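In: let's see this in three dimensions:
(one chain, ligands or ions: 1)
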Amino acid sequence: MDKGSFYLTTPIYYVNDIPHIGHAYTTIACDVMSRYKRMKGFDVRFLTGTDEHGQKIQSAAEAKGMTPQELVDKIHVNFKELWKALDISNDDFIRTTEPRHVRAVQAMFERLIEQGDIYKGTYEGWYCVPCETYVPESSMGENRTCPDCGRPLITMKEESYFFRASKYVPQLIEHYEKHLSGVMPPVRYNEIMSFLKSGVHDQSVSRTTLKWGIPVPGDEKHVVYVWFDALINYATAVGYLDDPAMFARYWPAVRHMVGKDIIRFHCVIWPLMLIALGINVPVSVIAHGWWTVDGEKMSKSKGNVVDPFKMARVYGADAFRYFLMREVPFGNDGDFSELALVGRVNSDLANDLGNLLNRSIQMIVSYADGVVPSAQPSGDATDSDVRSLGASTLKAVDSAMETFSYDEALKHIWTFIRRGNKYIDETSPWKVHEAGNAGRLKEILLTLHDTLRLSAMLVAPYIPSSAEKMWAQLGLPGSPMAALLDDFAWGAGAGAKVKRGALLFPRIDVEKWKEEKAKEKAMNAASVSDAPASLPSAPSDHEPQIGIDDFAKVEMRVALVTKVEEVPKSKKLYKLDIDLGYEKRVICAGVKQFVKPEELLGHRVIVVTNLKPAVLGGVESNGMILAASVKTPGSEQVALIAPASDIPLGSRVH
Ligand code: MSP
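Out: Numbers count the residues shown, from 1 in each chain. Have a look, this model is predicted:
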């Protein structure tokens with residue numbers, strides 16, 4: 001059944017930083033919605049990508065001693081890897097440095113110049129360099145600081161191209177007056193309407209102060225302002241310039257999901273650009289709230305940035321996805337706590353869903369040789385109740401999803417799952433079996449299988465890989481994602497051969513978990529205060545791929561450890577004298593807690609020899625020994641790396 005198109009986008013993420021929970025949240029929310037709409041029969045297009053131009057990127061590249069192009073080529077891969085780890089089903093991934101996008105931006109810019117909606121002028125104002133935004137006097141923070149990041153503003157004057165935004169404001173107000181869901185939720189709609197009514201100035205859309213951007217066509221001393229460039233990605237990716245048929249198919253159905261901090265760009269500037277170009281305004285912009293962590297704002301300096309890779313590795317992508325979608329009403333701010341996540345795994349996923357599956361499969365195996373019986377509904381009131389709750393759940397979930405109320409949808413789904421567990425208690429199939437009531441037993445087993453089949457379909461957008469596992473255990477062919485929710489029919493699973501499988505979500509022992517967390521915290525505190533930054537710390541498992549040339553830059557050689565001394569005042573460091581055959585050196589190694597001096601003394605090790613010297617614990621270290629390490633909650637293991645057979649000192653490792 002073709003329900004029409006549904007085009008959904010995430011913001012494109014800046015590649016000056018590693019991905020964190022905020023990025024994961026938006027992308028998971030879009031993924032859940034895309035999967036859901038596919039299961040409702042929509043022609044879905046789901047886009048994500050990376051924002052690769054502008055001052056932030058140029059500065060980050062400078063700080064790392066790279067060119068901006070090198071930086072974006074390296075960092076954007078982290079996002080692609082994260083989306084794999086989190087089971088994200090995007091149809092496309094756009095990078096703003098791609099030629100398809102550069103051409104689209106230049107074409108739009110040129111068209112707006114031609115029609116007089118972009119003109120040249122001079123801009124003077126208070127400017128926030130990290131946010132790349134001019135800040136009006138009225139919204140400055142104390143002592144002329146940026147209202148968003150709190151950093152000091154500078155005065156700036158430059159020749160600039162301006163977009164005649166003011167001209168189209170009345171049209172946009174009129175549009176929103178007719179389309180109340182143009183901005184969601186209502187609190188953001190109101191915010192945008194009052195902003196629009198307070199007046200919008202023409203917008204500066206070019207910069208002469210930086211190089212890393214898309215050149216303004218015909219005036220190459222200017223580059224296009226990063227936000228003007230970035231917003232256009234949504235149109236580029238569905239063929240604005242190159243594929244009119246695709247554009248006609250998806251654009252009218254476009255919805256943007258964004259964090260509440262970037263709604264003015266999406267609900268004011270972007271629609272004004274679109275109106276000027278004669279293109280439809282998005283159906284809606286859906287704004288979500290912000291995550292704090294254990295009650296505090298997330299920041300690198302506090303060391304509380306939640307690493308989504310780690311969450312997926314430790315708890316599984318599904319548990320993490322479920323938690324983020326269930327924990328806060330969409331649109332509100334939320335607080336991330338691992339303990340709350342563990343609680344949800346145990347109660348909702350292991351207890352409610354996992355138990356229903358296990359108990360039901362077990363009974364189908366015991367009482368029907370694993371084959372789901374067919375049965376005619378006898379009109380039993382308990383069965384009818386389950387069926388009618390199933391039908392009303394499908395409707396309730398659909399209306400919750402219309403307003404992006406993920407937590408509401410999940411509450412409805414779990415009411416149904418819990419009803420399934422209650423149904424087992426009410427019908428007591430073991431008693432029906434003992435009483436030899438074969439007809440009723442068949443009906444109960446079929447109802448249980450139906451309940452699980454529908455549950456697997458309903459949870460599939462949220463926890464796709466667990467839904468697949470459920471589907472396989474239920475003995476159903478294909479995948480729950482390929483099933484259409486509107487086609488769900490009671491009794492259709494009769495004849496399936498169920499297969500007992502591993503627990504979907506093993507329970508986490510909370511007491512043990514707390515002990516391990518406490519140990520991990522203590523160890524981290526020790527290593528933060530003690531660890532020299534240039535020693536090998538546990539690398540991310542998700543470093544992007546590098547070319548052989550990058551690898552060749554690291555010079556590693558075989559060395560002999562000739563002396564081992566402790567570095568006073570350091571819990572971690574040894575001072576080692578090493579012999580490279582052609583030269584002797586002193587290096588520091590942060591392995592004291594894991595390796596005894598005799599395991600080093602007289603042994604051959606591998607040393608990185610072209611690392612810049614660093615002073616560690618008061619000792620100048622001229623290289624780094626290689627060791628493998630793994631951290632699990634509560635423990636860390638370290639093993640030195642050595643050549644497998646004797647080889648002359650100084651031999652190079654390739
Ligand atoms: N590049 C721009 C978007 C351009 S879209 C045309 C940008 N990038 S960003 O990487 O800084 O942020 C991307 C998204 O992450 C934003 O929607 C922002 O709201 C979201 N989040 C960043 N930190 C967040 C939390 N702590 N919690 C939830 N979302 C947050 O802005």
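In: element containing residue 559, please.
Out: Assigned by DSSP states H and E, residue 559 belongs to strand 556-566.
In: in a helix, residue 10, correct?
Out: No - counting by DSSP: H, G, I helix; E, B strand; the rest coil, residue 10 falls outside a helix, being strand.
In: is the closest residue to it other than its chain neighbours part of a helix or strand, or is it coil?
Out: Closest residue to residue 10 apart from its sequence neighbours, by Cβ to Cβ, 6 or more residues apart in numbering: residue 48 at 4.3 Å. Using the backbone N, CA and C atoms, a C-beta is placed for each residue, glycine as well. At residue 48, secondary structure determined by three-state DSSP is strand.
In: give the burial count for residue 48, as a bare number.
Out: 26 (other Cβ atoms under 10 Å).
In: quick check: it touching residue 19?
Out: No - using Cβ atoms under 8 Å, residue 48 is not in contact with residue 19; the gap is 11.1 Å.
In: hey, what's in contact with both of the two?
Out: 13, 79 (Cβ atoms under 8 Å, 6 or more residues apart in numbering).
In: this structure against the ligand: which residues are in contact?
Out: 11-14, 22-23, 25-26, 51, 230-231, 233, 258-259, 261-262, 290-291, 298 (Cβ under 6 Å from any ligand atom).
In: does the closest residue to residue 508 other than its chain neighbours lie in a helix or a strand, and which?
Out: Spatially, and ignoring its direct neighbours in sequence, residue 508 is nearest to residue 342 (5.1 Å; Cβ to Cβ, 6+ apart). Using DSSP H and E, residue 342 sits in helix 338-344.
In: what's whichever helix or strand comes after that helix packed up against?
Out: Where DSSP H and E defines the elements, the next helix or strand beyond helix 338-344 is helix 355-368. Packed against helix 355-368 by the contact rule (3 or more Cβ pairs under 8 Å, 6 or more residues apart in numbering; DSSP states H and E) you find helix 406-427, helix 429-434, helix 438-459, helix 464-473.
In: so which of the ones you listed gets nearest residue 371?
Out: Closest to residue 371 of those is helix 438-459 (Cβ to Cβ; 9.5 Å).
In: now for the closest one, which elements pack on it?
Out: Other helices and strands packing on helix 438-459, by 3+ Cβ pairs under 8 Å, 6+ apart, are helix 355-368, helix 381-402, helix 406-427, helix 429-434, helix 464-473.
In: hang on, the earlier thing: mean confidence (pLDDT) on the helix holding residue 342, please.
Out: The average pLDDT within helix 338-344 is 96.
In: where do the helices of the stretch 551-654 of the chain begin and end?
Out: Here the stretch 551-654 of the chain has its helices, by DSSP state H, counting those that start in this stretch, at 597-600.
In: residue ranges in it under the pLDDT threshold?
Out: 631-635 (pLDDT under 70).
In: tell me which of the helices and strands packed on helix 355-368 sits most buried.
Out: helix 438-459 (a mean of 23; mean count of other Cβ atoms under 10 Å).
In: could the helices and strands packed on helix 438-459 be laid out in JSON lines, adding distance to residue 97?
Out: Compiled in JSON lines, those are given as follows (distance: least, Cβ to Cβ, whole Å):
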{"stretch": "helix 355-368", "distance to residue 97": "46"}
{"stretch": "helix 381-402", "distance to residue 97": "34"}
{"stretch": "helix 406-427", "distance to residue 97": "33"}
{"stretch": "helix 429-434", "distance to residue 97": "61"}
{"stretch": "helix 464-473", "distance to residue 97": "31"}
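In: among those, which is nearest residue 253?
Out: Of all the helices and strands packed on helix 438-459, it is helix 381-402 that lies closest to residue 253, at 14.0 Å by Cβ to Cβ.
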